[in-house]
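Student: I would like the atomic coordinates for the input below:
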Amino acid sequence: MTELSREEREILEAFERGELGQVDNVEGLKEAHRRAAEATARKDARINIRLSTRDLRALQSRALREGVPYQTLVASVLHKYVDGQLVEKGD
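Tutor: Next up, the predicted model:
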């Protein structure tokens, strides 16, 4: 048997403690999540922006480390910003 990740162990332990239960209306919940994912993933608009060469190179480098195309990284950052998921670091 393969070793469980930390997250998998936490889930198993929560299950064994009886902390996990069934969800009502599973099919409806799955459908709602499917629609939300589909709407989030749909890319139906295009923008053009000017960046400094330094910023573009940094974005490309970061995307390479993350293993994603740089335009996907930019779209992800913008999505998280407008969704309120990005927070400023304190000094």
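Student: biggest helix in this structure by residues?
Tutor: Selection of the longest helix in the chain by residue count, based on DSSP state H, yields helix 26-41.
Student: which residues does it contact?
Tutor: Residues from elsewhere that reach helix 26-41, judged by Cβ atoms under 8 Å, 6 or more residues apart in numbering: 23, 79. Placement of C-beta: from N, CA and C, glycine included.
Student: now with 10 Å?
Tutor: 23, 25, 79, 83 (Cβ atoms under 10 Å, 6 or more residues apart in numbering).
Student: least confident of the residues you listed?
Tutor: Lowest-confidence member of the contacts of helix 26-41: residue 23, scoring 82 (pLDDT).
Student: CA-only coordinates of the longest helix of the chain in PDB, if you can.
Tutor: What follows is helix 26-41, C-alpha atoms only, in PDB (Å, rounded to 0.1, in the frame of the first residue of the first chain):
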ATOM      1  CA  VAL A  26     -25.300  15.300  -3.400                       C
ATOM      2  CA  GLU A  27     -26.300  15.400  -7.100                       C
ATOM      3  CA  GLY A  28     -27.600  19.000  -6.800                       C
ATOM      4  CA  LEU A  29     -24.400  20.000  -5.100                       C
ATOM      5  CA  LYS A  30     -22.200  18.300  -7.700                       C
ATOM      6  CA  GLU A  31     -24.200  20.100 -10.500                       C
ATOM      7  CA  ALA A  32     -23.800  23.500  -8.800                       C
ATOM      8  CA  HIS A  33     -20.100  22.900  -8.500                       C
ATOM      9  CA  ARG A  34     -19.900  21.800 -12.100                       C
ATOM     10  CA  ARG A  35     -21.600  24.900 -13.300                       C
ATOM     11  CA  ALA A  36     -19.400  27.200 -11.200                       C
ATOM     12  CA  ALA A  37     -16.300  25.500 -12.500                       C
ATOM     13  CA  GLU A  38     -17.500  25.700 -16.000                       C
ATOM     14  CA  ALA A  39     -18.300  29.500 -15.600                       C
ATOM     15  CA  THR A  40     -14.900  30.100 -14.000                       C
ATOM     16  CA  ALA A  41     -12.900  28.200 -16.600                       C
END
